[in-house]
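In: I'd like to go over a predicted model; first the sequence, then the structure.
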Amino acid sequence: MTPRKAFRQGVLSNLGNPKMAIFYSSLLPQFVAPGSSPFAVMLVLGLVFVSMTLVWLSIYAAVVARAGHILRAAGQASLRCGHGHDSLGVRGASGNRSALTHLVARQAARPSE
């Protein structure tokens, strides 16, 4: 997806989301001081909210991108070592089966009250 298309999709998604309009119209007016310009105060509060959201989502995107690079590198290293992608699934499934078998055996060995 091109950055322009992603931006357009995000704008349309946010404009079509009624929760944000409800949030702004119900929560922010309580912070407008009597006698001040409601439009100016609401605009500043909205910009603060947008700025905080931009910073948070930028940090989130950077962390997820970094994690993706690390996971892809680890996947390539396991392939070089001769381990397939499905080996963890097979080991995990057999471990779950072992644990379940052990739990059932313990329950069966417990004396009834």
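Out: Ah, there it is.
In: lowest-pLDDT helix or strand in the protein?
Out: Lowest on mean pLDDT, DSSP states H and E among the helices and strands of the chain sits helix 87-109, with a mean of 62.
In: For whichever helix in the chain runs longest, name the packing helices and strands.
Out: In the chain, with assignment by DSSP state H, the single longest helix is helix 38-80. Helix 38-80 sits against no helix or strand, with contacts defined as 3 or more Cβ pairs under 8 Å, 6 or more residues apart in numbering; DSSP states H and E. Glycine gets a C-beta too; all of them are placed from N, C-alpha and C.
In: Endpoint to endpoint, stretch 24-31 covers what distance?
Out: By Cα to Cα, to the nearest Å, the extent of stretch 24-31 from end to end equals 11 Å.
In: Identify each buried residue in it, please.
Out: Neighbour-count burial for stretch 24-31 flags residue 28 (criterion: 16 or more other Cβ atoms under 10 Å).
In: per-residue confidence averaged over it?
Out: What stretch 24-31 shows for mean pLDDT is 85.
In: Which residues outside that stretch are in contact with it?
Out: 38, 41, 42, 45, 46 (Cβ atoms under 8 Å, 6 or more residues apart in numbering).
In: Of those, just say which sits nearest to residue 54.
Out: Taking Cβ to Cβ as the measure, residue 54 sits nearest to residue 46 out of the contacts of stretch 24-31, at 12.5 Å.
In: neighbours around that closest one, how many?
Out: The burial count assigned to residue 46 is 13, neighbours taken as other Cβ atoms under 10 Å.
In: measure the nearest residue to it once chain neighbours are set aside to residue 37 for me?
Out: Nearest in space to residue 46, with sequence neighbours left out and distances taken as Cβ to Cβ, 6 or more residues apart in numbering, is residue 24 at 6.5 Å. Distance of residue 24 to residue 37, given as Cβ to Cβ, to the nearest Å: 16 Å.
In: likewise residue 1?
Out: Distance of residue 1 to residue 37, given as Cβ to Cβ: 40 Å.
In: same deal with residue 54?
Out: 25 Å.
In: Could you do residue 18 as well?
Out: Look at residue 18 and residue 37: by Cβ to Cβ, they are 26 Å apart.
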